[in-house]
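> Sequence isn't available, so here's the structure alone:
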């Protein structure tokens, strides 16, 4: 297979990191930029990483997808609060065989994009990474960095495997996973910690140190696991909750992305991280009262935060 | 029946208000004071009230119950976070026929005091009042003011009725109510609004204006009603929740007592307002997941607030 052409929509902490790794490894990567387009066009991208810093003095930077070449693979790192933009951002990049990988948090993301683009090949990218874009063109990668890819609707198995190999060749720890299981497994961590760090204005370590909130976080994890089970995903069980508690105990004190969005007065990704999984669980007859309460608290907080 | 001797333990917004009304009407009322003892001994009590201001230039003020005369009726207006103090505060005031009325918020208050004083005659006082002690010896009564008395363990029916008459003669709108029903009916309002105004740093009106939190408040009310029903109290139903929503819509924007405690960095009454009713409901097999989550958030917030 000839070398793939990549496009990155949303060159931030996530899309910027994986795109920069691929570009450094020699892949053709075209970046869509917004606020720091001029800076990146002049100066390129800089990645300060726990695995070693690197710079890309020259990258293919664009301010509009209509000027970008068509792509074999589109990596979407957009905030899901801007998901509607994909309806106009994606078409110029697509040829009949394009694979779009949504490296975003939440449940229901692929379903919505599939509805807008019925024939499109879609996959989920589940990033396990602590990173942030702290200045124009500058990504700080603090720890972790692996990505799991779950095939949602890509019939071209060879393309999907090539992408996996490209990621691995670029020094990224990448694996294929079951789509639905992976999205819900990630929700086991995301749903409790994203919202609770906002609701209580705190970080992961404080939530786990207080016995009351430690118990609450665990119960919220069990709600996600119960929902996944009710939806037929049987491979996630109580041991997943225990492992994630342990993993978070071992992490540095951490502010999840929703807490950062709140702190910077940006809209929070409530729809795909809370509303959609809660609605999916409800269709399977499984209520999530604690996470539904958290969703409502977040909707209140979000409305006050702009 | 001869005139009764009253004692007030906790001469604050509640105990101070009802005690002052009784004293103004000519009842013998002895007040236990703490931080503003010296002030009240010199200056008396002042009540700025929506029903008309009044002052009591001289009141029977004490700094210790051991110096107070025995009382026929003790009104307890103590914060329930100091409930353990009753074990030492009460004995000097008690004669074999003393009735102790707990004018406090929560569930389980009488049960605990009864355990400490097995033979004691106890009643619940459920105050519907907006008031605050804003300065030493100065109570501001903003609105409402009625009190419902529920008999918990007072066999002396005549005494109980005399107290009711004394309250009415003092211009207080006082009624006898069923003990358990009244405590749980009040919890229908108290459990949602006290905690939610703290958790979201807001007031009653904002909670009801936002559709997400309005729905959450209603669901929390329904949890309390479900718990009451499970405990055999069948006279509280969904219409109670609707009435309380309506009543709160019609109120001025309000900060419940727990919000004031939080704002002034005082301990919050989490145990009797949340932990105990949740535990009682659990013994009846009724879970209260939203209010249990709120309890845990409050425990976290309380721990950070000192």
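Yep, it's here. Just so it is clear, the model here is predicted, and its values are computed rather than measured.
> Straight-line length of stretch A:22-39, end to end?
End-to-end distance for stretch A:22-39: 20 Å, by Cα to Cα, to the nearest Å.
> ok, now stretch A:147-160?
14 Å.
> Only the buried residues of it, if you could.
A:147, A:148, A:149, A:150, A:151, A:152, A:153, A:154, A:159, A:160 (16 or more other Cβ atoms under 10 Å in any protein chain shown). The C-beta positions use only the backbone N, C-alpha and C, and glycine is treated the same way.
> so which of the residues you listed comes closest to residue A:283?
residue A:152 (18.5 Å; Cβ to Cβ).
> Not counting residues beside it along the chain, what's closest to the residue in the stretch 51-200 of chain A positioned nearest to chain B?
Here the stretch 51-200 of chain A gets closest to chain B at one residue, residue A:200, 5.5 Å apart by Cβ to the nearest Cβ. The spatially closest residue to residue A:200, leaving aside those adjacent along the chain, is residue B:300, at 5.5 Å (Cβ to Cβ, 6 or more residues apart in numbering or on different chains).
> What separation do you get for that neighbour and residue A:221?
Distance, residue B:300 to residue A:221, using Cβ to Cβ, to the nearest Å: 17 Å.
> What residues does the residue of the stretch 51-200 of chain A closest to chain B make contact with?
A:206, A:207, A:213, B:297, B:300, B:301 (Cβ atoms under 8 Å, 6 or more residues apart in numbering or on different chains).
> which ones are touching the last one?
I take that to be residue B:301. A:200, B:198, B:199, B:262, B:268.
> how far away is it from residue A:100?
Residue B:301 sits 42 Å away from residue A:100, taking Cβ to Cβ as the criterion.
> same check, this time on the fourth one
Relative to residue A:100, residue B:297 is positioned 39 Å away (criterion: Cβ to Cβ).
> What segments of the stretch 151-300 of chain A are helices?
A:157-169, A:179-199, A:204-209, A:211-230, A:238-250, A:257-263, A:270, A:276-283, A:289-304 (DSSP state H, counting those that start in this stretch).
> same check, this time on the stretch 1-150 of chain A
A:15-24, A:37-43, A:86-89, A:109-116.
> now, of these, which is deepest in the fold?
Among the helices of the stretch 1-150 of chain A, ranked by average contacts under mean count of other Cβ atoms under 10 Å in any protein chain shown, first place goes to helix A:15-24 (a mean of 25).
> got the angle for it vs helix A:157-169?
90 degrees (axes from the mean of the first three to the mean of the last three Cα atoms, to 10 degrees).
> I'd like to know which elements helix A:15-24 is packed against.
Packing partners of helix A:15-24 (3 or more Cβ pairs under 8 Å, 6 or more residues apart in numbering or on different chains; DSSP states H and E): strand A:5-9, strand A:28-32, strand A:45-49, strand A:54-56, strand A:73-76, strand A:121-135, strand A:138-151, helix A:157-169.
> roughly how far is the second one from the heart of the chain?
Mean C-alpha position of strand A:28-32 versus that of the full chain (Cα atoms, centre = their mean, to the nearest Å) differs by 18 Å.
> swap in the last one?
Relative to the mean C-alpha coordinate of its chain, helix A:157-169 is positioned 19 Å out (Cα atoms, centre = their mean).
> Likewise for the fifth one?
Distance of strand A:73-76 from the chain centroid (Cα atoms, centre = their mean) equals 12 Å.
> quick one, what contacts the residue nearest to residue A:259 when sequence neighbours are not counted?
Closest residue to residue A:259 apart from its sequence neighbours, by Cβ to Cβ, 6+ apart: residue A:197 at 4.3 Å. Listed by Cβ under 8 Å, 6+ apart, the contact partners of residue A:197 are A:203, A:204, A:207, A:255, A:256, A:258, A:259.
> Could you measure from residue A:223 over to chain B?
Separation of residue A:223 from chain B (Cβ to the nearest Cβ, to the nearest Å) stands at 9 Å.
> is it true that that residue touches residue A:291?
Yes - between residue A:223 and residue A:291 there is a contact at 5.4 Å, judged by Cβ atoms under 8 Å.
> Identify the contacts common to these two.
Contact criterion Cβ under 8 Å, 6+ apart; residues shared by residue A:223 and residue A:291: residue A:191.
> before we move on, back to that, what's the farthest-apart pair in the buried residues of stretch A:147-160?
A:147 and A:153 (18.7 Å).
> now the helices and strands packed on helix A:15-24 in CSV, with mean pLDDT and distance to chain B?
CSV is the format used below for the helices and strands packed on helix A:15-24 (pLDDT from 0 to 100; distance: least, Cβ to the nearest Cβ, whole Å):
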stretch, mean pLDDT, distance to chain B
strand A:5-9, 98, 30
strand A:28-32, 98, 33
strand A:45-49, 97, 32
strand A:54-56, 98, 40
strand A:73-76, 98, 28
strand A:121-135, 93, 23
strand A:138-151, 95, 25
helix A:157-169, 98, 39
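> Find the nearest non-adjacent residue to the residue nearest in space to the middle of chain A, please.
When Cα atoms, centre = their mean is applied to chain A, the residue found nearest the centroid is residue A:104 (2.5 Å). Once flanking residues are discounted, residue A:104 sits nearest to residue A:80: 5.0 Å by Cβ to Cβ, 6+ apart.
> got a list of what that neighbour touches?
Per Cβ under 8 Å, 6+ apart, neighbours of residue A:80: A:104, A:105, A:106, A:109, A:269, A:271, A:272, A:273.
> Stretch A:279-290: which residues count as buried?
Using 16+ other Cβ under 10 Å as the test for burial, stretch A:279-290 gives A:280, A:281, A:286, A:288, A:289, A:290.
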